[in-house]
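Visitor: pasting the sequence and the predicted coordinates here, then a few questions.
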Amino acid sequence: QYSERDEQPVNYVTWFQARDYCAWRSEVTGEDYRLPTEREWEYAARGVESWTYPWGSESPTDDLAVYYPTANETADVGSKPDGVSWVGALDMSGNVWEWVNTIYGIELNGDYDFSDSGESLYNYPYVANDGREADTGERTDVLRVLRGGSFNGLADGLRGANRYRYNPLGGNDSIGFRCALS
């Protein structure tokens with residue numbers, strides 16, 4: 001179900017739509033908005049202490065995040081203030097998965113093969129200069145990284161180090177984004 005209230009996070013957003021919105025926002029405001037890199041997103045969520053969750057090491061509860069089975073749809077943005085990250089960012093775990101700029105892998109021979117090193121897989125942890133932040137234009141064979149978990153995922157998916165991959169043309173009720181400001 002699409003977001004129906006002004007306070008809900010935007011969902012059903014493709015990676016291209018998220019990227020383009022940040023660029024549009026830059027044009028309107030004159031500031032430099034963009035999708036965060038995976039490294040930036042994780043730093044905002046886990047901090048210098050490498051917390052398990054944005055709020056620390058305490059297991060998720062329905063006071064800290066929006067996730068299954070305590071939720072069956074997205075909640076209003078900022079409705080879980082106790083789950084705030086060390087930098088003051090809300091909803092970094094749960095509610096909607098968030099697109100980041102980072103490439104997860106590239107389609108090879110009609111399939112996504114992440115077993116070999118090189119172009120097909122950008123391993124975790126993050127290495128800034130290995131090509132995973134390359135501008136790939138409008139290519140649709142490049143899987144992008146999602147971070148943060150969502151309302152329809154289990155508590156384990158809310159860990160700050162958790163990551164997922166998805167086609168940049170894909171969007172559903174559990175995928176959204178946030179812009180970073182350079």
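Guide: Nice, thanks for sending it over.

Visitor: what about the helices in the chain?
Guide: 15-29, 38-46 (DSSP state H).

Visitor: elements contacting the last one?
Guide: It refers to helix 38-46. Packing partners of helix 38-46 (3 or more Cβ pairs under 8 Å, 6 or more residues apart in numbering; DSSP states H and E): strand 97-106, strand 142-147. Backbone N, C-alpha and C define where each C-beta goes, glycine included.

Visitor: got the angle for that helix vs strand 142-147?
Guide: For helix 38-46 against strand 142-147, the angle by axes from the mean of the first three to the mean of the last three Cα atoms, to 10 degrees is 10 degrees.

Visitor: report the buried residues of helix 38-46.
Guide: Within helix 38-46, the residues scored as buried using 16 or more other Cβ atoms under 10 Å are Glu38, Arg39, Glu40, Trp41, Glu42, Tyr43, Ala44, Ala45, Arg46.

Visitor: name the nearest of the residues you listed relative to Arg132.
Guide: Comparing the buried residues of helix 38-46 against Arg132 with Cβ to Cβ picks out Glu38 as the nearest, at 7.5 Å.

Visitor: contact partners for Pro9?
Guide: Neighbouring residues of Pro9 by Cβ atoms under 8 Å, 6 or more residues apart in numbering: Ser3, Thr74, Val77, Asp91, Asn95, Val96, Gly176.

Visitor: oh, that last question was meant for Gly170, not what I typed.
Guide: For Gly170, the contacting residues are Thr14, Trp15, by Cβ under 8 Å, 6+ apart.

Visitor: from Ala180, how far off is it?
Guide: Distance, Gly170 to Ala180, using Cβ to Cβ, to the nearest Å: 21 Å.

Visitor: kindly report the same for Asp76.
Guide: From Asp76 to Ala180 the distance is 22 Å (Cβ to Cβ).

Visitor: Asp130 now?
Guide: Separation of Asp130 from Ala180 (Cβ to Cβ): 20 Å.
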